[in-house]
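In: Provide a 3D model corresponding to the input given below.
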Amino acid sequence: MTNLDAERPAESHVFEADVSRLLHMMVHSVYSDKDVFLRELISNAADACEKLRFEAIAAPNLLGSDADSRITLTLDEENRRLIVEDNGIGMSREELIEALGTIARSGTRAFMERIEANKAGEGAQLIGQFGVGFYSCFMVADRVDVVSRRAGAEEAWLWSSDGQGAYTVSPVELADAPARGTRITLNLMEDAKSYAARWSVERIVKEQSGHVPVPVSIIETPGAEPAQLTDGTALWTRSKNEVSKEDHADFYRSLSGQYDEPALTVHFRAEGRHEYTALAYIPGAQPFDMFDPDRKGRMKLYVKRIFITDEADVLPRYLRFVRGLVDTADLPLNVSREMIQESPILTAIRKGVTSRIITAIEKLAESDAEAFAKVWENFGAVLKEGIYEDGERRTQLLSLTRFKTTDSGEESRSLKQYVADAKPEQSAIYYLTGTSLEQLRASPQLEGFRARGIEVLLLTDQIDSFWVMTAGEFEGKTFKSITQGAADLAQFAKPEGDAAPDSAPSADVATFIAYAKEKLSGEVSDVRASDRLTESAVCLVASEGGYDRQMEKILQGAGRLELSAKPILEINPAHPLVKAIAAKADGTALKEDAALLLLDQARVLDGDKPADPRAFAERLTRLFERALQA
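Out: Take a look at the predicted model:
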């Protein structure tokens, strides 16, 4: 860098709107645990070192004579300063502006809404989850200076901000910058001066960053010799028996950016045709991006302990909540990210790791029902995507799946339990899909099944409408929606003491059903007597060959079903209202109003609105008037 460059005035920039709002929250933070900032800075420094190791595969000269990665923390209690420095990849002027002046990662708005809405104690957890960890340093510092020099570059830059809405970027002399990498100087607030004390920093590093794969050293006062706090030994390279539960919790937190403890740890080394080590964690709490439309995984891929990418499809999308890594020696170090995706080696690794994780979840279900129930509560809706997408493991995933049913109360039941308790003559697993348990439990379609003691699965996740179409069967029983086709309940006897269902509608009711079928032919495909209704007068069902009622609604809402099939209107021939209408509806106007009102009633019971609310109200008024005049 020339002297002319170094004398250039600092460029002033304004943070983008979301960053300004976020910084305001950080500066005026009420979080009870501010220690999170140091973990986030160390994690970022470790990532920078890993990126350098990767780029040095193709360009070894980037390492120069300093090949060993390191992170150094320098304390200056007298001046209330903490310096975090790494010798990683570093940043150019443009990268500084992009990385520290904007938030490129999606979800920022959701992050800010959540930290505003939740109690202070949750804030520290949310910081890491949303990938905005750098800005957490403004919880403890009233000014932050970042000097960075990209590996191989002949210029260095200073980024500086007080967190009040703007920042400056200016060139600095190479003599005042790291040989490569980034140096972050935190000018600590008065109430945060303990972060320049060794006892405080050492405690945080050992508790929260003890297993980052880069050594961390501490310099107690400027100019003193560094002392090592952590050795940077990759935890996954150690024997499974040597790693404690606390070690795993620490590493999981540094890896995932979350503050919970892992609910399940899968750590193994595969040998044979392909050799690799895998370390995977199922979180104890839902990651914020679990339902991200992109459905990206969060497993890192290493080759011989060198970080390659976190964008390889190491796991199928239905395991995207799993955090962890795979380290293999079978891939070349200079492999491109694009070639990785097409590699048969990655395909084999993916298959092996997926199988081990599913097997571990199965073992948890068998050995610790309470722990498994928590895993299912957090991730069951995502795991069920695998029933739809992963034919090879469909049976395994079906066995793991837990359901609320008409018999389960507040608990959940497995399909094995359902099949074991099924009626001897029952050939199907019956289910009902919808948006809430309350809605489903009140559904008229359940009445005949409930009256005969037939258990029905109550499915409320959107994915349920998809996987049931591809699941085929479980232990010889097919899946059947109770809102589709004929119920065929006549084969099941009612419990002793209950009156037997009417075998056929009376003549008056049969005549009215025939009339309704003709009158409503433009709205429904059929009107028929129902054997599934015992309490309600009417309900709507789908035809046998199409989609069930909930699936039609989902597809219509997504704009993927231009014209839905006409439903079937089922009428309860034993219902007092139906009998009264059939006996008295001798006038054409009354019969027409009654038929159309019954159809709209069925729509309302199905969670829809009357087709024509004004006409519905007028018909209802006429019916009231007739009743009052009688």
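
In: could you point out where the stretch 501-630 of the chain is predicted with low confidence?
Out: For the stretch 501-630 of the chain, residues meeting the criterion pLDDT under 70 lie at 501-503, 561-562, 585-587, 630.

In: ok, 80 please
Out: Applying pLDDT under 80 to the stretch 501-630 of the chain flags residues 501-504, 545-546, 556-564, 584-588, 627, 629-630.

In: which residues of it fall in helices?
Out: Using DSSP state H, counting those that start in this stretch, the helices assigned to the stretch 501-630 of the chain run over residues 507-519, 549-557, 576-584, 588-605, 613-629.

In: could I get stretch 568-587 in CSV with only the CA atoms?
Out: This file holds the C-alpha atoms of stretch 568-587, laid out as CSV (Å, rounded to 0.1, in the frame of the first residue of the first chain):
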residue,chain,number,x,y,z
ILE,A,568,-70.4,-36.1,-2.4
LEU,A,569,-73.1,-35.0,0.0
GLU,A,570,-74.0,-37.6,2.5
ILE,A,571,-77.3,-37.3,4.4
ASN,A,572,-78.0,-39.1,7.7
PRO,A,573,-81.4,-40.8,7.1
ALA,A,574,-82.0,-41.3,10.8
HIS,A,575,-81.5,-37.7,11.8
PRO,A,576,-84.6,-36.0,13.2
LEU,A,577,-84.1,-32.9,11.0
VAL,A,578,-83.8,-34.9,7.9
LYS,A,579,-86.9,-37.0,8.7
ALA,A,580,-88.9,-33.8,9.5
ILE,A,581,-87.8,-32.2,6.2
ALA,A,582,-88.6,-35.3,4.2
ALA,A,583,-92.1,-35.6,5.9
LYS,A,584,-93.1,-32.0,5.4
ALA,A,585,-91.2,-30.7,2.4
ASP,A,586,-94.1,-31.2,-0.1
GLY,A,587,-93.8,-27.7,-1.5
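
In: So which bits of it are buried?
Out: 568-575, 578-579, 581-582, 585 (16 or more other Cβ atoms under 10 Å). The C-beta positions use only the backbone N, C-alpha and C, and glycine is treated the same way.

In: Can you name the residues in contact with that stretch?
Out: Contacting residues not belonging to stretch 568-587 are listed as 501-502, 504-506, 508-513, 516, 520, 524-530, 532-534, 536-543, 590-591, 594, 598-599, 602 [Cβ atoms under 8 Å, 6 or more residues apart in numbering].

In: again, only this time at 7 Å
Out: Residues from elsewhere that reach stretch 568-587 (Cβ atoms under 7 Å, 6 or more residues apart in numbering): 502, 505-506, 508-509, 511-513, 520, 524-530, 532-533, 536-541, 543, 591, 594, 598-599, 602.

In: Pull out the buried residues from the residues you listed.
Out: Buried members of the contacts of stretch 568-587, counted by 16+ other Cβ under 10 Å: 505, 508-509, 512-513, 520, 524, 527-530, 532-533, 536-541, 543, 591, 594, 598-599, 602.

In: Just the element for S200, please.
Out: Under the criterion of DSSP states H and E, S200 resides in helix 198-208.

In: now swap in K480 and tell me
Out: Element membership of K480, judged by DSSP H and E, is strand 477-481.

In: Give me the buried stretch members for that strand, please.
Out: Buried-residue list, strand 477-481, by 16+ other Cβ under 10 Å: K477, F479, K480, S481.

In: That one to helix 549-557, inter-axis angle?
Out: 60 degrees (axes from the mean of the first three to the mean of the last three Cα atoms, to 10 degrees).

In: May I have the strands that pair with strand 477-481, each with its orientation?
Out: Strand 477-481 has its sheet partners listed here by DSSP bridges as strand 428-433 (parallel), strand 473-474 (antiparallel).

In: just those: most buried one?
Out: Compared across the strands paired with strand 477-481, strand 428-433 shows the largest average neighbour count, a mean of 22 (mean count of other Cβ atoms under 10 Å).

In: Can you give the contact residues for it?
Out: Contacts of strand 428-433 (Cβ under 7 Å, 6+ apart): 415, 418, 440, 443, 445-446, 449, 454, 456-459, 464-465, 468, 474, 477-483, 548, 550.

In: before we move on, what about stretch 196-206?
Out: The contact list for stretch 196-206 (Cβ under 7 Å, 6+ apart) reads 35, 38-39, 73, 75-77, 80-82, 188, 194-195, 216, 218, 220, 229-230.

In: Please apply the same query to stretch 442-458.
Out: Taking Cβ under 7 Å, 6+ apart as the rule, stretch 442-458 contacts 403-407, 418, 421, 423, 426, 429-432, 437, 440-441, 482-483, 487, 489, 492, 494-495, 498, 531-536, 539, 541, 605.

In: And stretch 53-71, by the same measure?
Out: 42, 45-46, 49, 52, 86-89, 151-152, 179, 214-217, 306-308, 333-334.

In: mind listing what M299 touches?
Out: For M299, the contacting residues are V314, L315, V322, G324, L325, V326, by Cβ under 7 Å, 6+ apart.

In: hmm, try it at 8 Å
Out: Applying Cβ under 8 Å, 6+ apart, the residues near M299 are A280, D310, A312, V314, L315, V322, R323, G324, L325, V326, V353.

In: Quick check: bridge partners of it?
Out: Here M299, judged by DSSP bridges, has bridge partners G324.

In: ok, now the one 10 residues further on?
Out: Partner residues in beta bridges with T309, using DSSP bridges, are L301.

In: And the pLDDT for it?
Out: Listed pLDDT for T309 reads 81.

In: In this structure it contacts M339, no?
Out: No. T309 is not in contact with M339 according to Cβ atoms under 8 Å; the separation is 11.0 Å.

In: between these two, who's got more neighbours?
Out: T309 (17 against 12; other Cβ atoms under 10 Å).

In: Can you classify R39 as helix, strand or coil?
Out: Using DSSP: H, G, I helix; E, B strand; the rest coil, the structure places R39 in helix.

In: gap between it and R450?
Out: 53 Å (Cβ to Cβ, to the nearest Å).

In: Now intersect the contacts of stretch 53-71 with the helices, please.
Out: I42, A45, A46, C49, L52 (DSSP state H).

In: returning to what we had before: now, which of the contacts of M299 sits nearest P287?
Out: In terms of Cβ to Cβ, no member of the contacts of M299 lies closer to P287 than R323, at 7.8 Å.

In: Nearest spatial neighbour of the closest one, chain-adjacent residues omitted?
Out: Distances taken as Cβ to Cβ, 6 or more residues apart in numbering put S256 closest to R323, at 4.2 Å, once the chain neighbours are dropped.

In: Based on its surroundings, how many neighbours for that neighbour?
Out: S256: 19 neighbours (other Cβ under 10 Å).

In: Quick one: residues contacting it.
Out: Contacts of S256 (Cβ under 8 Å, 6+ apart): G128, Y281, P283, P287, R298, R323.

In: Which one (most neighbours) among these?
Out: In the contacts of S256, the most neighbours by other Cβ under 10 Å go to Y281, 26 neighbours.

In: which SS state does it fall under?
Out: Y281 ends up strand, using three-state DSSP.
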